[in-house]
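> starting from these lines, generate the structure:
(one chain, ligands or ions: 2)
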Amino acid sequence: KLGMAYKKDGNFGEWYSEVVVNSEMIEYYDISGCYILRPWAMEIWELLKEFFDAEIKKLKLKPYYFPLFVTENVLQKEKDHIEGFAPEVAWVTKSGKSELEAPIAIRPTSETVMYPYFSKWIRSHRDLPLRCNQWCNVVRWEFSNPTPFIRSREFLWQEGHTAFATKEEADEEVLQILELYRRIYEEFLAVPVSKGRKSEMEKFAGGLYTTSVEAFIPNTGRGIQGATSHCLGQNFAKMFDITFENEKGVREMVWQNSWAYTTRSIGVMVMTHGDDKGLVLPPKVAPIQVIVIAVPYKDADTTAIKGACESTVYTLNQSGIRADQDTRENYSPGWKYSHWEMKGVPLRIEIGPKDLANKQVRIVCRDNGAKVDIPVTNLVEEVKVLLDEIQKNLFKTAQEKRDACVQVIKTWDEFTTALNNKRLILAPWCDEEEVEKDVKARTKGELGAAKTLCTPFEQPELPEGTLCFASGKPAKKWSFWGRSY
Ligand SMILES: O=C1CCCN[C@@H]1CCCn1cnc2cc(F)c(F)cc2c1=O
Ligand SMILES: [Mg+2]
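Ligands and ions are numbered 1, 2, ... in the order given. All right, here's what the predicted structure looks like:
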């Protein structure tokens, strides 16, 4: 089947589901909330992993792999850490026909799996910093509407877990990792994000503070957490007795961080750039950046055209560009154009008899449909320029769209109006948790309540006497508010 049944500005949920399936990223699975990730998705995941792994290696992270399973008593080590999450934990209760003595949980995150061993491995300040990263899957049996990449019961992520002798070192690393997450979104996925700090209510309860990169989906008017980097303080050190003997021989608790990004990042990219012809891939993460398609003519020299396609692909691949060709005889050029547009390939190169005669190729850009004829002699240079332009244009367009959704408000009425207009709200807030809870209560409803998304590090001027939009008390900061995923 060719073409899309749904429009992005129509039924967004149906449009999104159609895009991820028709672009061959996702296959639906017969367990709700679980999805098959096909090569078109996994190759993007692997390109992001390649960048992130290289960067954290520079920060001296070491690769680990911890078990998928965690015992009940270890998982429940600290009540307040996971009590709120208990309904999401998946348990193994039997093997074959026999019941297990005690149920075993499937990891929803790995703090409780790892930290008993951090306690064993860390004795002296010489054992610090400990820097552990693992790439794995986690399971959280969520019940709210499952969405491929965005909210699934199993997802892939990397989770970093580090331990330092001082708070200063931990604080510094939290922000170094957050910057890598910003780069993943802005430089690779071409998705604009805001760096900020979560409120006390929204932060990771087990930690000291949480920072995040927040994205926004204009079509639904919802914010979405892109990635998160927590400073855990010494809370887990206390829980798991992770201490070290410092230079003076005094025993101290370590300072820890934990941070993650997940396959959700792919879904955010799809939602941001996709259009009514399907997926639109930023070149930096496109598994195929250029697809070459022969345009044979009835009496034309098809052998020469095929040869030209071969050499075009070869030349591009030799210069580090991910190029391929669609040589399937049983499909027309027109069918192939639609197919590779659906898959979001940034550039299409058409080669027909005329192009051959003129020693040129016809290049079509996926993002804006522009067509250019390029002499074969400077093909590589032109393709590189076009790919770079597409990457920049996708980010610029997404940033302008996101910025157009931001609404600065000062009163409750303005807040509710902006919320109903699917805006990303920037509001002066007294920073009181009671008020945050009150806003949630007052905005409860079909579409979900409004919440704080983050307090952006970049704070606009807060004039003396500015009042909180919800409580009327003196405002202390500007925060992003909105409905979210
Ligand atoms: O967000 C991160 C970064 C990577 C390591 N973990 C932290 C905090 C995860 C917070 N969280 C999030 N979700 C959870 C779901 C559960 F079922 C559960 F038992 C525990 C949790 C849970 O601790
Ligand atoms: Mg959750």
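
> report the secondary structure state of the residue of the chain most remote from its centre.
Distance from the C-alpha centroid of the chain peaks at Asp299, with 49.3 Å (Cα atoms, centre = their mean). Three-state assignment for Asp299 (DSSP: H, G, I helix; E, B strand; the rest coil): coil.

> tell me the spacing between it and ligand 1.
Applying Cβ to the nearest ligand atom, to the nearest Å, the value for Asp299 to ligand 1 is 62 Å. To be clear about C-beta, it is placed using only N, CA and C from the backbone, and glycine gets the same treatment.

> go on, Asp355?
Taking Cβ to the nearest ligand atom, one finds Asp355 at 51 Å from ligand 1.

> next: Pro296.
53 Å.

> check Thr211 too.
11 Å.

> give me the neighbour count for that residue.
24 (other Cβ atoms under 10 Å).

> that one looks like it's in a strand, true?
Yes: under three-state DSSP, Thr211 sits within a strand.

> wait, doesn't it sit right on Ser229?
Yes: the pair Thr211 / Ser229 is scored as a contact, 4.9 Å apart, by Cβ atoms under 8 Å.

> what strand or helix carries Phe480?
strand 477-484 (DSSP states H and E).

> packing partners for that strand?
Secondary-structure packing of strand 477-484 (3 or more Cβ pairs under 8 Å, 6 or more residues apart in numbering; DSSP states H and E): strand 222-233, helix 412-420, strand 424-429, strand 451-456.

> just put the ones you listed in a markdown table and tack on mean neighbour count and mean pLDDT.
Output for the helices and strands packed on strand 477-484, formatted as a markdown table (neighbours: other Cβ atoms under 10 Å; pLDDT from 0 to 100):
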| stretch | mean neighbour count | mean pLDDT |
| --- | --- | --- |
| strand 222-233 | 23 | 98 |
| helix 412-420 | 17 | 98 |
| strand 424-429 | 24 | 98 |
| strand 451-456 | 22 | 98 |
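
> adding distance to ligand 1, write these out as JSON lines.
Formatted as JSON lines, the helices and strands packed on strand 477-484 follow (distance: least, Cβ to the nearest ligand atom, whole Å):
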{"stretch": "strand 222-233", "distance to ligand 1": "5"}
{"stretch": "helix 412-420", "distance to ligand 1": "26"}
{"stretch": "strand 424-429", "distance to ligand 1": "22"}
{"stretch": "strand 451-456", "distance to ligand 1": "14"}
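
> so how far is Asn11 from the residue positioned nearest the centre of the chain?
Closest to where the C-alpha atoms of the chain average out (Cα atoms, centre = their mean) is Ser265, at 1.7 Å. Note on Ser265: its distance to Asn11, by Cβ to Cβ, to the nearest Å, is 24 Å.

> contact residues of this structure facing ligand 1?
Counting by Cβ under 6 Å from any ligand atom, the positions of the chain adjacent to ligand 1 are 82, 85, 88-89, 108-109, 111, 140, 159, 204, 228, 230, 258-260.

> hmm, try it at 8 Å
75, 81-82, 85-89, 105, 108-111, 140-141, 157, 159-161, 204-207, 210, 228-230, 258-260 (Cβ under 8 Å from any ligand atom).

> return the set of residues that bridge with whichever residue of the stretch 201-350 of the chain sits closest to ligand 1.
Residue nearest to ligand 1 within the stretch 201-350 of the chain (Cβ to the nearest ligand atom): Ala260, separated by 3.6 Å. On the basis of DSSP bridges, Ala260 is bridged to Glu159, Thr228.
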